[in-house]
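J.: Okay, here's the prediction I keep looking at, along with the sequence it came from:
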Amino acid sequence: MKIVLLPEVVKDKFVALIQPIIRFFVHYKLNPNFFTTISLLICISSAYQFAKGSLRLAAVLLLLGGLFDMVDGAVARASNRVTKFGALYDSTLDRYAEIIIYFGIMFYFVVHYVGDSKIGLLYAMAVFIGLAGSLMVSYVRARAEGLGFSCKVGVMQRPERIVLLGVGALISKYTFIFAILFIAFFANYTAFQRIFHIWSKENSSKWNKLPPDIAHE
């Protein structure tokens, strides 16, 4: 059974909802990279609030940063200003934003669970595993697309991770911890899901032989 956390219809309706904002930004010819930068700065603020233990404020900032991250691509497409540098800039800052956010969360667990260091360490390890999985989800897609495949499949993509972390932190400390553990498992599951997806696609083409000098990392 296919697991879907954020159905496409929900994403499409949300994009339709913010179209007036997109048109406003396009009208004033704002550079899409501006929104990418603002998204990173908001995520840095969110990470700081996570580190302090202000979970609800951190959650609001995280969701706001995610909104700006959606806006940059929408503005680029609507204003016909999609560039290769813009795509690289967006992807790079997205990765930095995730690293900083997870660092803030890890700091929160290490510092605020000082009275129960074993539990704090366990949660911090879950954050690290979640970060590793999140980065690998992005890496597998980038590597697959570099080899000529489309690879947008997966349970725990970036929008799902942002929404899950944000909503979890908004509700309570316990739902936030559940969100962390959920992401730690399903982000890594998604990375392997994408690897299997590419294996299946290539297998269905009867193993097209790759050139012998293909780069490996």
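T.: Yep, it's here. None of these values were measured; they are calculated from a predicted model.

J.: Run a quick neighbour tally on L88.
T.: L88 sits with 10 neighbouring residues when counted by other C-beta atoms under 10 Å. No exception for glycine: its C-beta is placed from N, CA and C like everyone else's.

J.: Phi first, then psi, for it.
T.: Per-residue torsions, L88: phi -70, psi -40 (degrees, to the nearest 10).

J.: Test for you: state the pLDDT assigned to it.
T.: Note on L88: pLDDT of 92.

J.: ok, G148 to Q19 distance?
T.: For G148, the distance to Q19 (C-beta to C-beta, to the nearest Å) stands at 32 Å.

J.: So for these two, which sits in the more crowded spot?
T.: More neighbours surround Q19 than the other of G148 and Q19, with 11 against 8 (other C-beta under 10 Å).

J.: okay, the more buried one: pLDDT?
T.: As predicted, Q19 sits at a pLDDT of 81.

J.: Now do it against T36, distance only.
T.: For Q19, the distance to T36 equals 19 Å [C-beta to C-beta].

J.: Check the spatially most central residue of the chain and give its pLDDT.
T.: In the chain, the residue lying closest to the centroid (C-alpha atoms, centre = their mean) is R158, at 2.7 Å. pLDDT, R158: 90.

J.: elements contacting the lengthiest helix in the chain?
T.: Of all the segments of type helix in the chain, defined by DSSP state H, the longest one is helix 173-204. Counting contacts by 3 or more C-beta pairs under 8 Å, 6 or more residues apart in numbering; DSSP states H and E, helix 173-204 is packed against helix 117-146, helix 158-171.

J.: would JSON lines of those with distance to K84 be doable?
T.: Rendered in JSON lines, the data for the helices and strands packed on helix 173-204 read as follows (distance: least, C-beta to C-beta, whole Å):
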{"stretch": "helix 117-146", "distance to K84": "13"}
{"stretch": "helix 158-171", "distance to K84": "20"}
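
J.: Return the most buried member of those.
T.: Of all these, helix 158-171 carries the top mean neighbour count, a mean of 21, counting by mean count of other C-beta atoms under 10 Å.

J.: Show me the contact partners of it.
T.: The list of residues contacting helix 158-171 from outside it, by C-beta atoms under 8 Å, 6 or more residues apart in numbering, reads 5-6, 11, 50, 55-56, 58-60, 62-63, 65-66, 69-70, 94, 98, 101, 105, 134, 137-138, 156, 175-180, 182-183, 187.

J.: in this protein, which helix or strand is least confident?
T.: Of all the helices and strands that make up the chain, helix 8-17 has the lowest average by mean pLDDT, DSSP states H and E, namely a mean of 71.

J.: I198: neighbour count?
T.: Based on other C-beta under 10 Å, the number of other residues close to I198 is 18.

J.: ok, now which ones touch it?
T.: Contacts for I198 (C-beta under 8 Å, 6+ apart) come out as V140, A144, L147, F149, C151.

J.: what's the closest of these to K29?
T.: Within these, proximity to K29 (C-beta to C-beta) peaks at C151, which comes in at 32.9 Å.
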